[in-house]
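1. Just to be clear, the model below is a prediction. Sequence and coordinates:
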Amino acid sequence: MDEQAGYKWLRGVIRSEMARQQITYKDLLERLNSIGIEDTENNLRNKIGRGRFSALLFIQCLEVMGVDTLKVSMLEDTSSNFSKPSKRKLNKWDAPSEVYGELLAEEAEEILRRNPEGSE
């Protein structure tokens with residue numbers, strides 16, 4: 001995934017939640033002001049428009065909009081040839097860290113198989 005796809009996803013998350021709740025930039029700024037975030041409406045609009053802002057601001061925006069959960073599906077929504085590890089049902093005797101480690105190992109092997117030089 002390239003940086004621009006990531007910025008586009010971040011921008012989309014904030015904007016789609018604003019649209020869903022019918023919140024303007026002014027409304028969002030007022031909510032951010034209420035938790036001590038000082039900014040201008042233009043500056044906030046530009047940051048979100050570029051998708052370039054801190055992780056802290058991202059979380060603060062979600063918090064003041066009342067977002068409790070977020071489905072992170074960025075990898076599925078981009079044109080990247082990278083894919084999430086397949087889901088595997090845990091057996092009651094499997095330690096979660098072991099299963100996750102196996103999935104990461106399988107993923108690493110696949111990446112190396114596709115690109116033996118190690119550079120993407």
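-> Structure received. Computed from a prediction, not measured in an experiment: that's the story for all the values here.

2. Stretch 21-28 spans what distance, first to last residue?
-> The first residue of stretch 21-28 is 11 Å away from its last residue (CA to CA, to the nearest Å).

3. What are the buried residues along it?
-> Neighbour-count burial for stretch 21-28 flags 23, 25, 28 (criterion: 16 or more other CB atoms under 10 Å). For every residue, glycine as well, the C-beta is placed using N, CA and C.

4. now, which of the residues you listed sits nearest residue 61?
-> Of all the buried residues of stretch 21-28, residue 61 sits closest to residue 28, with 6.6 Å by CB to CB.

5. before we move on, which element is that closest one in?
-> Per DSSP states H and E: residue 28 is located in helix 25-34.

6. Check which helices and strands the next helix or strand after that helix is in contact with.
-> Note on helix 25-34: by DSSP H and E, the next helix or strand toward the C-terminus is helix 41-50. Counting by 3 or more CB pairs under 8 Å, 6 or more residues apart in numbering; DSSP states H and E, the packing neighbours recorded for helix 41-50 are helix 3-21, helix 25-34.

7. mind running it again at 6 Å?
-> helix 25-34 (3 or more CB pairs under 6 Å, 6 or more residues apart in numbering; DSSP states H and E).

8. Next, the angle helix 41-50 makes with the helix it packs on.
-> With axes from the mean of the first three to the mean of the last three CA atoms, to 10 degrees defining the directions, helix 25-34 sits at 110 degrees from helix 41-50.

9. can you state the direction angle for helix 25-34 and helix 3-21?
-> Using the same axes, to 10 degrees: helix 25-34 against helix 3-21 is 90 degrees.

10. got the contact list for helix 25-34?
-> 41, 44, 45, 64 (CB atoms under 6 Å, 6 or more residues apart in numbering).

11. I'd like to know the average pLDDT value across that helix.
-> Mean per-residue pLDDT for helix 25-34: 96.

12. ok, the buried residues of stretch 21-28 vs residue 9, which is closest?
-> Once CB to CB is applied, the member of the buried residues of stretch 21-28 that ends up nearest residue 9 is residue 28, at 18.3 Å.

13. Residue 7 touches residue 51, doesn't it?
-> Yes: counting by CB atoms under 6 Å, residue 51 is a contact partner of residue 7 at 3.1 Å.
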